[in-house]
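> With the sequence up front, the predicted model follows.
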Amino acid sequence: MRAASKLSITYDVHRVEFPIPFPLTAAEVDSVRAVRRAGGGSAADVTERELTAIATERAVARGKQLASSFYACAEYHGQDFGGGVMVDDPAMGRLLGPNLTTGAGSRTLTYTAADWDRMVRHGVKPDGHASPMPSRDFFSMSDRELSDLVSYIRSLPPVEKTVPAVSLGPVSTVLIATGRFPLSAQLHPTRHEIAHAVLPPPDVPDVTLGRHLAQTCSGCHGAEFAGGKIVEGPPRLAAGGEHDRGGAPRPVGPLQRPAAAANAAVGRPRHGKQGALKPLPIRPRIPGDALSRPPPPLPPPSPCRSAS
């Protein structure tokens with residue numbers, strides 16, 4: 001099947017609705033009212049408008065933390081979310097992250113919660129066609145996390161910029177046609193029928209939280225973290241991996257992905273015999289060191305150009 005034929009396929013995705021932002025929980029409302037009483041006011045004076053404003057403020061803060069420390073949104077959509085470069089290579093083509101702000105040229109200005117769900121967690125555009133969005137990293141994202149991200153994005157200053165559509169190169173066209181570059185819409189584990197978790201796992205240092213945090217690693221390292229080739233890069237990297245001396249992977253375009261994703265599974269050599277890495281040590285739990293504390297932001301990507 002030709003690449004154009006595969007890209008013309010439409011996908012039926014379930015319709016999901018969730019609030020943007022998520023309202024305060026009953027416990028949070030009680031806390032707000034208790035603070036009002038402690039200040040000499042009346043709990044009855046707390047209006048719905050105030051509660052909505054507090055809920056929005058908290059959602060924006062959570063969304064900012066997710067965007068800067070967990071999901072690599074800015075690397076795809078730019079630091080201002082007005083558009084960024086995912087791939088720009090003569091052989092692979094141009095894949096630009098669209099403008100997500102509320103300014104002119106925004107691709108998401110009229111998006112509903114269901115549209116955000118289809119695009120982010122399923123890799124399907126509102127019209128039903130597959131998107132290049134790397135949604136396999138976000139299949140397990142909860143409703144509240146997605147709602148928080150949208151709340152944060154909508155709080156950003158509007159950027160007036162129209163980002164060009166995707167333009168495939170000769171190599172990416174062949175990879176898509178032969179199935180070696182599957183889009184996220186083709187990989188969805190339940191064929192787009194899934195009961196998304198409403199809330200993320202509790203901040204408890206256990207396997208459940210670890211599995212949830214590791215979801216964004218699966219796009220490069222695979223669902224079982226066994227590693228493998230990443231075909232989205234330039235041809236020399238998609239073909240198997242070119243490394244600098246000492247086994248260090250060379251930079252790959254703006255995202256700097258390694259040619260072949262390392263085997264991240266504990267107890268397995270991850271870069272062959274010569275460059276084998278030991279399993280990462282588990283950081284001991286420090287009393288009072290809450291997991292809910294925001295982690296430091298990711299460093300900005302090093303400036304480099306994709307190989308041609």
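Ah, there it is. Residues are numbered from 1 along each chain as shown.

> Can you list the neighbours in contact with the helix or strand where Gly63 lies?
Per DSSP states H and E: Gly63 is located in helix 48-69. Residues from elsewhere that reach helix 48-69 (C-beta atoms under 8 Å, 6 or more residues apart in numbering): 20-24, 28-29, 32, 73-74, 144-145, 147-153, 155, 294-298. All C-beta atoms are positioned from the backbone trio N, CA, C, and that covers glycine.

> What about those residues, which are in helices?
28-29, 32, 73-74, 144-145, 147-153, 155 (DSSP state H).

> Can I have the buried ones of the contacts of helix 48-69 as a PyMOL selection?
Buried residues among the contacts of helix 48-69 (16 or more other C-beta atoms under 10 Å), as a PyMOL selection:
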select buried, resi 20+21+22+24+29+32+73+74+144+145+147+148+149+150+151+152+153+155
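
> Might you list the low-confidence residue ranges for the protein?
Across the chain, residues meeting the criterion (pLDDT under 70) sit at 1, 189-190, 228-308.

> which stretches of it form strands?
84-89, 93-97, 167-168, 228-229, 260-261 (DSSP state E).

> Nearest to Cys217 among those strands would be which one?
strand 260-261 (8.9 Å; C-beta to C-beta).

> Let me see the ranges of the helices in this structure.
Using DSSP H, helices in the chain cover 3-7, 26-38, 48-69, 73-77, 113-116, 122, 143-155, 170-178, 184-187, 207-213, 218-221, 235-238.

> how deep is the nearest residue to Arg154 once chain neighbours are set aside tucked in, by neighbour count?
Among residues not flanking Arg154 along the chain, Thr102 sits closest, at 6.3 Å (C-beta to C-beta, 6 or more residues apart in numbering). For Thr102, the count of nearby residues is 16 (other C-beta atoms under 10 Å).

> cool, the one 10 residues further on as well?
Burial measure for Thr112: 14 neighbouring residues, criterion other C-beta under 10 Å.

> How much space separates it from Phe18?
10 Å (C-beta to C-beta, to the nearest Å).

> For Glu50, see how far away Ser135 is.
Relative to Glu50, and taking C-beta to C-beta, Ser135 is found at 36 Å.

> same check, this time on Asp88
46 Å.

> For the two, indicate the residue with more neighbours.
Taking other C-beta under 10 Å, Asp88 and Glu50 do not tie; Asp88 has more neighbours (17 against 12).

> quick revisit: going by neighbour count, list what's buried in the helix holding Gly63.
Applying 16+ other C-beta under 10 Å to helix 48-69 flags 51, 54-56, 58-60, 62-68 as buried.

> Closest one of the residues you listed to Phe181?
Of the buried residues of helix 48-69, the one sitting nearest to Phe181 (C-beta to C-beta) turns out to be Ala67, at 26.3 Å.

> wouldn't Arg2 be in contact with Thr178 here?
No. The pair Arg2 / Thr178 is not scored as a contact, 10.2 Å apart, by C-beta atoms under 8 Å.

> follow-up on the earlier one: out of the helices of the chain, nearest to Leu96?
helix 73-77 (8.9 Å).
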